[in-house]
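Chemist: Please find the sequence and the predicted model below.
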Amino acid sequence: MQPKQIALVTGTTSGIGMLTVVELAKQGCIVFAGMRDLSKKSDLEELAITQNVQEYIDYVLLDVTNDDFIKQTIAYIIERYGRIDILVNNAGVSIGGFSEETLEEDWRLSMETNFFGTLKVTRAVQPYMRKARSGQIINISSISGRFGFPAHGPYTASKFAINGFSESLRLEMLPFGVYVVLIEPGAFKTNIWSKNVENMKLRTKENSPYEKFLTNILHFTDKLVTGASDPRKLASKIARITQIRQPKLRYTLGKGSFIAVLGKAIVPWKWLEKAIVQQMRK
């Protein structure tokens, strides 16, 4: 019997990627879990066993910044099943810090992984979906792709790029029956927050003029994480979206995310910036 769908998910050693793999497998999909280091697959393996879906998951070596790995992985999937129905571009890095103090390589790494990684994997999959005249390309962006928060420059820039790319790609692929979807999570309890906080601290210099601002931003982040949503709900929502025949372009999910987007749309920017700067100066 043919599997329900064939899916490829990138960045699956933890967080949203790992949970999405399991949720797709629970729907009966054959899921290829892409990761840069296969020695780190144990958490996903354990979760798959507890959910009794291990038979639906295949682990593939996939560094989204490496063209050879991408070609090999796509060729392997096509050789086995002849198609890819779902692509979830989740792999990414979270690099924060004040723009003056972050290094140029921080910006390049963020763009190379988050944006160009998404671009490269998408371009490798596109021809197969186009010829099949069906498929979904789901790009995991962020509320940071709609709203530029202070001390998040490299991450924000990469997510804005993903959003613009996805809007353009959606219009290019719709005539072929392929739907491009943007997932814009707000605050969910994943390790991306701890990584971002660590990066911001590392990149803020001793006696920095931004030091006080960082303290207040980190205090706000702590409160945000405390009230963050369960990432399993997000993964479940992503899996359900794959079953919608004509999904929307955008799904803005998580506590505070819709309010932030709505606020930016209807509140004058000078009011927003005044409120944010006041919080930074406390």
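Modeler: Here it is on my side, so go on.

Chemist: Based on its surroundings, how many neighbours for the residue nearest to residue 243 when sequence neighbours are not counted?
Modeler: Nearest residue to residue 243 in three dimensions, chain neighbours excluded: residue 27, at 7.1 Å (CB to CB, 6 or more residues apart in numbering). Every C-beta, even on glycine, is put in place using the N, C-alpha and C of the backbone. Residue 27 sits with 16 neighbouring residues when counted by other CB atoms under 10 Å.

Chemist: Run through the residues that contact residue 27.
Modeler: 4-5, 239, 242-243 (CB atoms under 8 Å, 6 or more residues apart in numbering).

Chemist: Could you turn the buried ones of these into a PyMOL selection?
Modeler: In PyMOL syntax, the buried subset of the contacts of residue 27 is picked out as below (16 or more other CB atoms under 10 Å):
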select buried, resi 5+239+242
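
Chemist: I'd like the contacts of residue 27 laid out as a markdown table, including pLDDT, distance to residue 62 and secondary structure.
Modeler: Output for the contacts of residue 27, formatted as a markdown table (pLDDT from 0 to 100; distance: CB to CB, whole Å; DSSP: H, G, I helix; E, B strand; the rest coil):
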| residue | pLDDT | distance to residue 62 | secondary structure |
| --- | --- | --- | --- |
| 4 | 84 | 22 | coil |
| 5 | 96 | 19 | coil |
| 239 | 97 | 20 | helix |
| 242 | 97 | 19 | coil |
| 243 | 95 | 24 | coil |
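
Chemist: Among the contacts of residue 27, which pair sits farthest apart?
Modeler: 4 and 239 (11.4 Å; CB to CB).

Chemist: for the chain, which helix is longest?
Modeler: helix 153-173 (DSSP state H).

Chemist: I'd like the distance between the residue nearest to residue 243 and residue 178.
Modeler: Residue 27 sits 19 Å away from residue 178, going by CB to CB, to the nearest Å.

Chemist: Next: residue 229.
Modeler: For residue 229, the distance to residue 178 - CB to CB - is 29 Å.

Chemist: Give me the more crowded residue out of these two.
Modeler: More crowded of residue 229 and residue 178, by other CB under 10 Å: residue 178, with 22 against 17.

Chemist: Residues in a beta bridge with the more buried one, which ones?
Modeler: Residues in a beta bridge with residue 178, per DSSP bridges, are residue 135.

Chemist: can I assume it is in contact with residue 129?
Modeler: Yes. With contacts counted by CB atoms under 8 Å, residue 178 reaches residue 129, the gap being 4.7 Å.

Chemist: the helices in this protein, which residues?
Modeler: For the chain, applying DSSP H gives helices covering 15-26, 42-50, 67-81, 104-110, 117-132, 153-173, 192-203, 211-226, 231-241, 257-266, 269-281.

Chemist: Out of those, which gets nearest to residue 36?
Modeler: Proximity to residue 36 (CB to CB) singles out helix 67-81 among the helices of the chain, at 8.5 Å.

Chemist: Now tell me which helix or strand of this structure has the poorest mean pLDDT.
Modeler: Lowest on mean pLDDT, DSSP states H and E among the helices and strands of the chain sits helix 192-203, with a mean of 62.

Chemist: returning to that earlier point: identify the contacts common to residue 178 and residue 129.
Modeler: In contact with both residue 178 and residue 129: 135, 137, using CB under 8 Å, 6+ apart.

Chemist: what residue ranges in the stretch 51-200 of the chain score low on pLDDT?
Modeler: Scanning the stretch 51-200 of the chain for pLDDT under 70 picks out the ranges 187-200.

Chemist: how about 80 then?
Modeler: Low-confidence segments of the stretch 51-200 of the chain (pLDDT under 80): 186-200.

Chemist: how about CSV for the helices of the chain, with distance to residue 90 added?
Modeler: Shown next, in CSV, are the helices of the chain (distance: least, CB to CB, whole Å):
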stretch, distance to residue 90
helix 15-26, 4
helix 42-50, 13
helix 67-81, 14
helix 104-110, 15
helix 117-132, 9
helix 153-173, 11
helix 192-203, 11
helix 211-226, 20
helix 231-241, 9
helix 257-266, 17
helix 269-281, 28
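
Chemist: what's the closest of these to residue 60?
Modeler: Proximity to residue 60 (CB to CB) singles out helix 67-81 among those, at 4.9 Å.

Chemist: helices and strands around the closest one, which ones?
Modeler: Judged by 3 or more CB pairs under 8 Å, 6 or more residues apart in numbering; DSSP states H and E, helix 67-81 is in contact with strand 6-9, strand 30-35, strand 57-61, helix 117-132.
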